[in-house]
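Engineer: Provided below are the primary sequence and the corresponding predicted coordinates.
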Amino acid sequence: MTTDATRASTLRDAIGLGVAVGLYGVAFGAAAVTAGLDPWQACALSLLMFTGASQFALVGVLGAGGGALAAVGSALLLGTRNTVYGVRLVPLLQTRGAARRAATAHWVIDETTALAVAAPDRELARLAFTAGGATIYLGWNVMTLVGALGAEGLGGTAQAALDAVVPAAFLALLWPRLQRAWAEPAAQRRVALGGAVVALALTPFVPAGVQVIAAVVAVALAGRWRR
Amino acid sequence: MSTGTLWTVVLVASVGCYLLKLAGLSVPAAWVEHPVVRRVVEFVPAALLGALVAVQAATSGAQLVVDGRLAGLAVAALALALRAPFVVVLLLAGLTGAAVHWLT
């Protein structure tokens, strides 16, 4: 049953999340420019890719001096999450027709999926997805521009601050997976630690950026042998 | 990397990520629910993010380095453990990085 009160609370959650994620956009815009992209490329990523972890991964690999393939590969690997989200959203959103599906797909990300899945019924799920998608898209893009323009021509201390923000941003993305609320948190911790150790161990020996992909492959193979 | 190459990276990765999203809404659920696919999707993000945290915090080119980024990461971990909001975590990490740079 959808009442005005539940509708208002769904909207409030969606918009609140949109504002919070928008603030995160500043960090992305700044990180992208620090990594050597120009502000337009930073904005193009937020407009066209619109999936935070993949965007951070792409600029992270480029910032570490990585090549084009490693950068694109990291973004795509993280982007596979959204495929699974889409499958979960199909029964909730009931998007009919190729055009509506194509439009809906662009907003299928962690936050909109969480909002839609948490909504008490289908109508509210659609509302949460749309309202959350719209506020997050708007906030993320505006704040990417702000961060990108703000990061140009920064002094040494501000640059050092930004350099410290990027790994913290990745840790913040990783953190929820390591907590008890997540399925198999112990395995997630082993995998994350394994990825970190392999990447550091390979850093002196492989081209920049490649160690990130290699770490994922190594951990995946190790996981296969264990079972 | 040249501007042209950078734009190619930006556009190719963007189109790829969009197609991954569209695939979820379009392909039969059984494909994505396949155990191997589920396993990959469940654990690849943790491995990738773990690797990225380490590389971003403790390497520079082909070298392992210890600087303000690692201090910022430690402060961020503490803030996350105390359930601080994302934005606070990032701010604290940035302030730590700036402080270390200013002190050294």
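Structural biologist: Nice, I can see it.
Engineer: the residue nearest to residue B:68 when sequence neighbours are not counted: how many residues sit nearby?
Structural biologist: If the residues on either side of it in the chain are set aside, residue B:68 comes closest to residue B:100, at 3.2 Å by Cβ to Cβ, 6 or more residues apart in numbering or on different chains. (Glycine included, C-beta is placed from N, CA and C.) Around residue B:100 sit 19 other residues, with neighbours defined as other Cβ atoms under 10 Å in any protein chain shown.
Engineer: where does residue B:100 sit, in terms of helix or strand?
Structural biologist: For residue B:100, the enclosing helix or strand under DSSP states H and E is helix B:86-103.
Engineer: which elements pack onto that helix?
Structural biologist: Other elements packing on helix B:86-103 under the criterion 3 or more Cβ pairs under 8 Å, 6 or more residues apart in numbering or on different chains; DSSP states H and E are helix A:4-34, helix A:156-178, helix B:68-81.
Engineer: in contact with the residue nearest to residue B:68, which residues?
Structural biologist: For residue B:100, the contacting residues are A:160, A:164, B:67-68, B:71-72, by Cβ atoms under 8 Å, 6 or more residues apart in numbering or on different chains.
Engineer: picking up where we left off before, list the buried residues in the helix holding residue B:100.
Structural biologist: Judged by neighbour count using 16 or more other Cβ atoms under 10 Å in any protein chain shown, the buried positions of helix B:86-103 are B:86, B:89-94, B:96-101.
Engineer: report pLDDT for the residue nearest to residue B:68.
Structural biologist: On pLDDT, residue B:100 comes in at 96.
Engineer: including distance to residue A:89 and mean pLDDT, could the helices and strands packed on helix B:86-103 go into JSON lines?
Structural biologist: Shown next, in JSON lines, are the helices and strands packed on helix B:86-103 (distance: least, Cβ to Cβ, whole Å; pLDDT from 0 to 100):
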{"stretch": "helix A:4-34", "distance to residue A:89": "15", "mean pLDDT": "84"}
{"stretch": "helix A:156-178", "distance to residue A:89": "19", "mean pLDDT": "88"}
{"stretch": "helix B:68-81", "distance to residue A:89": "28", "mean pLDDT": "97"}
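Engineer: pick the most deeply packed of these.
Structural biologist: Highest mean neighbour count among these (mean count of other Cβ atoms under 10 Å in any protein chain shown): helix A:156-178, with a mean of 23.
Engineer: can I get the very next helix or strand once past that one in PDB, CA atoms only?
Structural biologist: For helix A:156-178, the succeeding helix or strand toward the C-terminus, using DSSP H and E, is helix A:185-202. Extracted in PDB, the C-alpha atoms of helix A:185-202 (Å, rounded to 0.1, in the frame of the first residue of the first chain):
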ATOM      1  CA  PRO A 185      32.800 -11.100   4.700                       C
ATOM      2  CA  ALA A 186      35.700 -13.300   5.700                       C
ATOM      3  CA  ALA A 187      36.200 -14.400   2.100                       C
ATOM      4  CA  GLN A 188      35.800 -10.800   1.000                       C
ATOM      5  CA  ARG A 189      38.600  -9.700   3.400                       C
ATOM      6  CA  ARG A 190      40.900 -12.500   2.200                       C
ATOM      7  CA  VAL A 191      40.300 -11.500  -1.400                       C
ATOM      8  CA  ALA A 192      40.800  -7.800  -0.800                       C
ATOM      9  CA  LEU A 193      44.000  -8.400   1.200                       C
ATOM     10  CA  GLY A 194      45.200 -10.900  -1.500                       C
ATOM     11  CA  GLY A 195      44.600  -8.300  -4.200                       C
ATOM     12  CA  ALA A 196      46.500  -5.600  -2.300                       C
ATOM     13  CA  VAL A 197      49.500  -7.900  -1.500                       C
ATOM     14  CA  VAL A 198      49.800  -9.200  -5.100                       C
ATOM     15  CA  ALA A 199      49.500  -5.700  -6.500                       C
ATOM     16  CA  LEU A 200      52.300  -4.400  -4.300                       C
ATOM     17  CA  ALA A 201      54.500  -7.400  -4.900                       C
ATOM     18  CA  LEU A 202      54.200  -6.900  -8.700                       C
END
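Engineer: was I right to think residue A:164 contacts residue B:99?
Structural biologist: No - contact criterion Cβ atoms under 8 Å: residue A:164 and residue B:99 do not qualify, at 9.4 Å.
Engineer: for chain A, what's the nearest residue on chain B?
Structural biologist: Across chain B, no residue is closer to chain A than residue B:24, which sits at 1.9 Å (Cβ to the nearest Cβ).
Engineer: mind checking which helix or strand the residue lying closest to that residue once chain neighbours are set aside is in?
Structural biologist: Leaving out its chain neighbours, the residue that sits closest to residue B:24 by Cβ to Cβ, 6+ apart is residue A:86, at 1.9 Å. Under the criterion DSSP H and E, the helix or strand holding residue A:86 is helix A:68-93.
Engineer: flag every buried residue along that helix.
Structural biologist: Buried residues in helix A:68-93, counted by 16+ other Cβ under 10 Å: A:68, A:70-90, A:92-93.
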